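**Q** fold the following for me, if possible:
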Amino acid sequence: MTTTHDFKPLKNDLLLRAARGEKVERPPMWYHTAGRYLPEYNQAKGTRDFFSVCRDPETASTITLQPVERFAGLLDAAIIFSDILVIPQAMGMTVEMIEKKGPHFPDPLRDPNTPEFETLVTREVDVVKELGYVFEAITLTRRKLEGRVPLIGFVGAPFTLMSYMIEGGGSKMFHFVKGWIFKYPAESKRLLNRIAEVCVDFLVEQVRAGAQLIQVFDSWAGELSPHDFQIFSLPYLKHISTHLPQRLSAAGIAPVPMTVFAKGAWYALDDLCDAGYNVVGLDWTHDPAQAVAIARGRVTLQGNMDPNVLYGGRKAITEAVERMIPGFLGKGEDEGVGKRGYIVNLGHGITPFVDPEDLRHFFEECHRVGKAPTTATKK
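**A** Here you go, the predicted model:
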């Protein structure tokens, strides 16, 4: 592997083994949004704006480690503190994070028949120059982790990123991006392809810097119909899963497991299992046993408790965990995935106001239930 890093050996490789479909002692567990809603996050962030914190490798590394340290022994991975919208920034767009409102693009894309659009899809993007702070944070975090758990890198999926770039932020109606894909399908595909290319460049450098697994977040995939998902999302997810391993191999870098998470696209699970990823993340709209039946052992499944259960108290959390994990692992010889093929996670990221001690209870219950014997005898 052609990197100059000399990282400590990995002590806990449960996540990587599960992602590769190997048998594990218990399902590994991690969660999205790093430490963004822990009390110590605000101490580390101070008065700086969100993207200033992302661009500070030392602080980004500190925030990445906060969940691992607060919940010592309970988490099996860390995910680097960053944001999916660093890709539009690297491509030349201005993105601001407005406190208590979310991301805002002062000059969103509104018409492909403009010089601005042509510049966006043709300009060369030097991800090392534009996003070097992410790679520095990854390398620094790997060193600080000292092999305790693996580090996850990530990127936004092309359709989700295009949606933000056209809508100008989050949306409830998505009428601007829907207008684009139906009115300007050729231009939409051109933009999606360019975003996918930059995503691959970005992920190559994340792995070079030390990321041990990568995840592609298609947060707005569920806004597409099954037909439109096949046209405007799936091909670009496949572009990433095809080209990333090729690029890593060409650079002499060992491949890493890849996860795809297409929130809301429950109808596409069968296709996603054949999309070239090792792991398919599920939101809470999937029934675990039904997802296992659809996946048929082709991929490792990840998920999928509704994060809002964390607001329901510890009894509700325990009940949800006791449904979820056996739903994936199975109870009989011909059911579930046994002690392989499953990673515990929430069905989406942590939301504000969750009590960290309720989150701890979730992790502890996942350990308890995940370690329980199963009569499944999958080899």
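
**Q** contacting residues around residue 20?
**A** Taking CB atoms under 8 Å, 6 or more residues apart in numbering as the contact definition, residue 20 lies against 257, 278, 300. All C-beta spots, glycine's among them, are computed from the backbone N, C-alpha and C.

**Q** tell me which of those residues fall in strands.
**A** The members of the contacts of residue 20 that map onto strands under DSSP state E are residue 300.

**Q** where along the chain do the strands fall?
**A** Secondary structure of the chain (DSSP E): strands located at 78-79, 96-98, 102-104, 151-156, 213-218, 258-262, 279-281, 300-305, 342-346.

**Q** what's the local residue count around residue 98?
**A** Close neighbours of residue 98, defined as other CB atoms under 10 Å, add up to 11.

**Q** same check, this time on residue 19
**A** By the criterion of other CB under 10 Å, residue 19 has 28 neighbours.

**Q** what sits against it?
**A** Contacts for residue 19 were tallied using CB under 8 Å, 6+ apart; they are 213, 257, 259, 278, 279, 300, 343.

**Q** and of these, the nearest to residue 40?
**A** residue 213 (24.6 Å; CB to CB).

**Q** contacts only, for the closest one.
**A** With contact taken as CB under 8 Å, 6+ apart, residue 213 is in contact with 15, 16, 19, 77, 150, 151, 152, 153, 256, 257, 258, 259.

**Q** of the contacts of residue 19, buried ones?
**A** Judged by neighbour count, with 16 or more other CB atoms under 10 Å as the criterion, the buried members of the contacts of residue 19 are 213, 257, 259, 278, 279, 300, 343.

**Q** can you list the residues you listed in TSV and add pLDDT?
**A** Below are the buried ones among the contacts of residue 19 laid out as TSV (pLDDT from 0 to 100):
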residue	pLDDT
213	98
257	98
259	98
278	98
279	98
300	97
343	97
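
**Q** how about the residues you listed in TSV, adding distance to residue 312?
**A** TSV is the format used below for the buried ones among the contacts of residue 19 (distance: CB to CB, whole Å):
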residue	distance to residue 312
213	30
257	32
259	27
278	32
279	27
300	28
343	23
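
**Q** quick check, nearest of those to residue 99?
**A** Sorting the buried ones among the contacts of residue 19 by distance to residue 99 puts residue 259 at the head of the list, at 30.1 Å, by CB to CB.

**Q** residue 309 contacts residue 320, doesn't it?
**A** Yes: between residue 309 and residue 320 there is a contact under CB atoms under 8 Å: 4.7 Å.

**Q** need the longest helix for the chain.
**A** Across the chain, the helix with the greatest residue count (assigned by DSSP state H) is helix 185-209.

**Q** can you tell me the average pLDDT over that helix?
**A** Looking at helix 185-209 alone, the average pLDDT works out to 98.

**Q** how far does that helix sit from its chain's centre?
**A** Relative to the chain's own centre, helix 185-209 is displaced by 16 Å; criterion: CA atoms, centre = their mean, to the nearest Å.

**Q** shaky segments in the chain?
**A** In the predicted model, the chain carries pLDDT under 70 at residues 1-4, 34-35, 331-339, 373-379.

**Q** for it, which residue is closest to the average position?
**A** Among the residues of the chain, residue 215 comes closest to the average C-alpha position under CA atoms, centre = their mean, at 4.0 Å.

**Q** okay, helices next: where are they in the stretch 51-200 of the chain?
**A** 57-70, 86-90, 115-122, 127-145, 158-167, 175-183, 185-209 (DSSP state H, counting those that start in this stretch).

**Q** adding mean neighbour count and distance to residue 292, write these out as TSV.
**A** Converted to TSV, the helices of the stretch 51-200 of the chain look like this (neighbours: other CB atoms under 10 Å; distance: least, CB to CB, whole Å):
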stretch	mean neighbour count	distance to residue 292
helix 57-70	21	28
helix 86-90	21	33
helix 115-122	13	40
helix 127-145	20	32
helix 158-167	26	26
helix 175-183	17	33
helix 185-209	20	28
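
**Q** export the ones you listed to CSV and tack on distance to residue 363?
**A** Putting those into CSV (distance: least, CB to CB, whole Å) gives the following:
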stretch, distance to residue 363
helix 57-70, 10
helix 86-90, 28
helix 115-122, 42
helix 127-145, 18
helix 158-167, 28
helix 175-183, 36
helix 185-209, 26
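
**Q** for those, which one sits closest to residue 251?
**A** With respect to residue 251, and counting by CB to CB, the nearest of those is helix 185-209 at 6.8 Å.

**Q** angle of the closest one against strand 258-262?
**A** Helix 185-209 and strand 258-262 are oriented at 140 degrees to each other (axes from the mean of the first three to the mean of the last three CA atoms, to 10 degrees).

**Q** give me the beta-bridge partners of the residue lying closest to residue 68 once chain neighbours are set aside?
**A** Sequence neighbours aside, residue 78 is the residue nearest to residue 68 in space, at 5.0 Å (criterion: CB to CB, 6 or more residues apart in numbering). Note on residue 78: beta-bridge partners residue 151, judged by DSSP bridges.

**Q** what's the burial count for residue 78?
**A** For residue 78, which is what you asked about, the neighbour count (other CB under 10 Å) is 26.

**Q** one more: residue 184?
**A** Number of residues near residue 184 (other CB under 10 Å) recorded here: 16.

**Q** from memory it sits against residue 109, does it?
**A** No: assessed by CB under 8 Å, residue 184 is found out of contact with residue 109, at 10.3 Å.

**Q** before we move on, the earlier item: which single one of the contacts of residue 19 is nearest to residue 221?
**A** The shortest separation between residue 221 and any of the contacts of residue 19 is 13.9 Å, and it belongs to residue 259 (by CB to CB).

**Q** contact partners for the closest one?
**A** With CB under 8 Å, 6+ apart, residue 259 has these contacts: 19, 213, 214, 215, 216, 277, 278, 279, 280, 281, 302.
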